[in-house]
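Colleague: Fold the following.
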Amino acid sequence: MKQLECEFEADVLCAVIQARWPERVDSELREHAKTCAICSDVAMVAGAIESAREESASYSAVPDALPDSGRVWWKAQMRARREAVEAVGRPITAIQVAAFACAIALLGACIGATSSWFQAGLKWTWSQVTGIDVAAIIPYATGLIASHGLLAACMAAMIFGIPVAVYLAVGKE
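Modeller: Predicted coordinates:
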């Protein structure tokens, strides 16, 4: 009949787990494990399990300590506020760019209507491209700007004033 247990099995297992097997155990226990099938199996299997455990422990890094929950909440709140400010600022920036483009166009129209060298260059370019005489269009545009100068000045003030007011209002929060 095959033997199922050995009285030295626990000693062999303890020595393997404590990393004393086979160098730092009694010579009698080593000799017994060589002749006993149960003890030799225990030493082999426990040694393999122990070496696998040590190998996996060396691969897994110790995680850093978790931060305080209050700090995590505070950082999340600050991130949410920062993202909200960025989201709100996008349309305002787009409107400011459009207003700046309108102001530049209005300024260009005013300079173009009042500058003789610009008008001469425009007449020459227009006549080269289209063949239409610009001399009839320029006095009409100049008269229109001259008669509505106050309106143009108010529009320019609004185009520059509204983005500045919005910037100052948002900047205080």
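Colleague: quick one: low-confidence parts of the chain?
Modeller: Within the chain, the ranges that satisfy pLDDT under 70 run 1-3, 57-65, 112, 118, 122, 126, 131-138, 140-141, 144-145, 171-173.
Colleague: at 80 what do you get?
Modeller: Applying pLDDT under 80 to the chain flags residues 1-4, 21-22, 54-67, 108-156, 162-163, 165-173.
Colleague: need the helices for it, in chain order.
Modeller: 9-17, 27-35, 37-59, 69-114, 116-129, 137-147, 149-171 (DSSP state H).
Colleague: and the angle from the second one to helix 37-59?
Modeller: Okay, so that is helix 27-35. 100 degrees (axes from the mean of the first three to the mean of the last three Cα atoms, to 10 degrees).
Colleague: Count the residues that sit near residue 16.
Modeller: 22 (other Cβ atoms under 10 Å). For glycine as for every other residue, the C-beta is placed from the backbone atoms N, C-alpha and C.
Colleague: so of the helices of the chain, which one's packed in deepest?
Modeller: Stretch with highest mean neighbour count among the helices of the chain: helix 9-17 (a mean of 18; mean count of other Cβ atoms under 10 Å).
Colleague: So what's the gap between that helix and the chain middle?
Modeller: Taking the mean of its C-alpha atoms, helix 9-17 sits 54 Å from the chain's own mean (Cα atoms, centre = their mean, to the nearest Å).
Colleague: Pull the residues that contact it.
Modeller: Contacts to helix 9-17, defined as Cβ atoms under 8 Å, 6 or more residues apart in numbering, come from residues 21-22, 24-25, 29, 33, 38-39, 42-43, 46-47, 50.
Colleague: Next, the angle from that helix to helix 27-35.
Modeller: 100 degrees.
Colleague: quick revisit: so of the contacts of helix 9-17, which two are at opposite extremes in space?
Modeller: The span of those, defined through Cβ to Cβ, is set by 24 and 38 at 21.4 Å.
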